[in-house]
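> based on what follows, work out the 3D shape:
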Amino acid sequence: MTSSLKVNAMFCSSILARKLFLGLMVVPLLLGCTGTEVPDDLTDETITLALNWYPDSQHGGFYAAEHFGFFQDEGLQVQIEPGGPGAPVVQNVALGRVAFGVGNADQILLAREQQIPLVALMASMQNSPRCLMVHQESGITSFEQLKGIKLALGAGKSFAKFLSQDGVLKDVQVVPYTGSVAPFLADTQFGQQAYVFSEPYVVEQRGAHPVCLMVSDLGFNPYSSILFTNEELLQEKPEVVAKIVRAVRRGWLAYLNDPEPVNQKIQKDNPEMNLEALSYGAKAIADLCLPAGLAKAEIGTMTDARWDDLKQQLTEIELVSKDLSPDQSYSLQFLQPLETSP
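This is a model prediction of the structure:
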């Protein structure tokens with residue numbers, strides 16, 4: 001397998017999403033039998049933070065908190081647990097097997113719909129990295145021009161259901177997303193779902209000229225790379241939660257300022273990811289983490305309005321019920337402005 005294809009494999013998360021959805025069906029049953037528990041690892045002074053995928057730039061702030069000693073500054077010993085296809089992050093956090101996990105805002109609300117007591121604590125990315133990737137040769141530069149091509153999308157994805165309801169897909173032929181960029185590379189009239197920090201780099205290395213249409217520009221914009229925990233841990237160990245959140249927020253500021261030493265650590269945990277790809281990713285997510293108008297001291301922030309909007313959108317595409325209250329799905333209590341250097 002070539003290096004670029006190996007990098008591509010790191011980003012193919014559709015299989016993970018399908019397995020995660022199936023897992024969400026099972027967790028409420030397990031919770032009903034066992035109840036949620038505060039993870040044992042907290043009593044042993046080692047806290048596990050479970051990633052939602054193989055380590056890459058979307059996890060840079062978590063690794064920076066470790067690399068620069070911010071966890072240690074808080075008196076914490078944190079173990080970062082890499083993810084991968086089928087990694088049961090939601091299930092393990094819900095059941096108290098690990099203390100903290102990484103995911104996206106729509107996943108948290110989908111879990112809450114299934115009575116899984118997860119709570120989002122901070123949002124690494126204010127704007128979603130989700131995009132539709134098309135060829136420059138297609139002449140498509142906007143969603144209004146999205147016509148006459150094949151478009152690979154993952155079945156059941158919340159963003160795909162939103163696009164369908166919004167009418168964006170009416171003039172394209174939707175085909176199953178296989179997790180590979182090979183069909184894209186073979187046909188300039190082919191597009192696919194992507195993350196702006198990943199697949200564009202892969203196809204550029206193979207000679208393609210991608211154009212990324214950001215789904216957030218249409219208004220569907222779930223917070224991404226969220227740090228979350230379970231409700232019981234939040235209630236019983238708020239001081240630990242506060243320390244973790246503070247360290248990770250500092251980590252994100254450090255990573256955005258100087259990603260290269262952290263990327264070397266990420267590569268050690270994920271040797272299939274080369275440093276050039278990680279550098280590309282760090283640059284791509286910088287404006288997603290700190291968009292124009294957001295002060296550095298506000299890194300990781302969330303708002304009630306954004307969560308309310310997302311809940312309404314998921315209700316409209318029939319993924320959550322109208323009775324679901326998003327209030328318990330997140331906590332803003334640890335998001336006071338950080339002290340930052342001038």
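
> how about the helices of the stretch 201-342 of the chain, start to end?
Assigned by DSSP state H, counting those that start in this stretch, the helices in the stretch 201-342 of the chain fall at 231-236, 238-257, 260-269, 275-289, 304-316.

> what's the closest of the ones you listed to residue 161?
When the helices of the stretch 201-342 of the chain are compared by C-beta to C-beta, helix 304-316 sits nearest residue 161, at 8.9 Å. To be clear about C-beta, it is placed using only N, CA and C from the backbone, and glycine gets the same treatment.

> leaving out chain neighbours, which residue sits closest to residue 291?
Spatial nearest neighbour of residue 291, chain neighbours left out: residue 126 (5.4 Å); criterion: C-beta to C-beta, 6 or more residues apart in numbering.

> since we're on the one you found, how many residues are nearby?
23 (other C-beta atoms under 10 Å).

> isn't it right up against residue 287?
No. The pair residue 126 and residue 287 fails to qualify as a contact (C-beta atoms under 8 Å) at a distance of 9.2 Å.

> measure residue 266 to residue 196 for me?
18 Å (C-beta to C-beta, to the nearest Å).

> mean neighbour count added to the helices of the stretch 201-342 of the chain, as a markdown table?
A markdown table is the format used below for those (neighbours: other C-beta atoms under 10 Å):
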| stretch | mean neighbour count |
| --- | --- |
| helix 231-236 | 17 |
| helix 238-257 | 21 |
| helix 260-269 | 18 |
| helix 275-289 | 20 |
| helix 304-316 | 17 |
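
> relative to residue 333, which of these is closest?
helix 238-257 (7.7 Å).

> so what secondary structure elements neighbour the closest one?
strand 46-50, helix 60-67, helix 70-73, strand 118-125, strand 224-230, helix 231-236, helix 275-289 (3 or more C-beta pairs under 8 Å, 6 or more residues apart in numbering; DSSP states H and E).

> next, name the residue at the spatial heart of this structure.
Centroid-nearest residue in the chain: residue 225, 3.5 Å away (criterion: C-alpha atoms, centre = their mean).

> excluding sequence neighbours, find me the nearest residue to that one.
residue 124 (3.6 Å).

> OK, contacts around that neighbour?
For residue 124, the contact set (C-beta atoms under 8 Å, 6 or more residues apart in numbering) comprises 58, 61, 102, 224-227, 248, 252, 289, 300.

> check residue 240 too.
42, 47, 76, 99, 233.

> Throw these into a markdown table and include distance to residue 93 and pLDDT, thanks.
Converted to a markdown table, these look like this (distance: C-beta to C-beta, whole Å; pLDDT from 0 to 100):
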| residue | distance to residue 93 | pLDDT |
| --- | --- | --- |
| 42 | 13 | 53 |
| 47 | 12 | 97 |
| 76 | 17 | 97 |
| 99 | 7 | 98 |
| 233 | 9 | 97 |
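
> and stretch 107-119, what's buried?
Residues of stretch 107-119 classed as buried by neighbour count (16 or more other C-beta atoms under 10 Å): 107-114, 116-119.

> stretch 329-336 now?
Buried, per 16+ other C-beta under 10 Å, within stretch 329-336: 329-331, 334-335.

> what's that stretch in contact with?
105, 108-109, 112, 118-122, 234, 238, 241-242, 245-246, 298, 300-304, 307.

> could you do stretch 181-191 as well?
Contacts for stretch 181-191 (C-beta under 8 Å, 6+ apart): 8, 132-135, 137-138, 140, 146, 148-152, 172, 192, 199, 202-203, 206-208.

> buried only: go through the residues you listed for me.
Applying 16+ other C-beta under 10 Å to these flags 8, 132-135, 138, 140, 146, 149, 151-152, 172, 192, 199, 202-203, 208 as buried.

> now, these that are in strands?
Of the positions in the buried ones among the contacts of stretch 181-191, 132-135, 151-152, 192 sit in strands, assigned by DSSP state E.

> which one of those sits closest to residue 261?
Distances from residue 261 to those, taken by C-beta to C-beta, are shortest for residue 133, at 29.8 Å.

> name whatever forms a beta bridge with that closest one.
In this entry, residue 133 is beta-bridged to residue 192, residue 212, by DSSP bridges.

> on that earlier part again, quick one: closest of the helices of the stretch 201-342 of the chain to residue 218.
helix 304-316 (10.4 Å).

> so for the closest one, mean pLDDT?
Per-residue pLDDT over helix 304-316 has a mean of 98.

> ok and that helix relative to strand 118-125, angle-wise?
110 degrees (axes from the mean of the first three to the mean of the last three C-alpha atoms, to 10 degrees).

> where's residue 287 relative to residue 176, distance?
31 Å.

> for residue 328, that is, sorry about that
If you go by C-beta to C-beta, the gap between residue 328 and residue 176 works out to 35 Å.

> repeat for residue 112
For residue 112 relative to residue 176 (C-beta to C-beta), the value is 28 Å.

> equivalent analysis for residue 97, please.
Distance from residue 97 to residue 176, by C-beta to C-beta: 32 Å.

> likewise residue 323?
33 Å.

> comparing the two, which shows the higher neighbour count?
Taking other C-beta under 10 Å, residue 323 and residue 176 do not tie; residue 176 has more neighbours (10 against 7).
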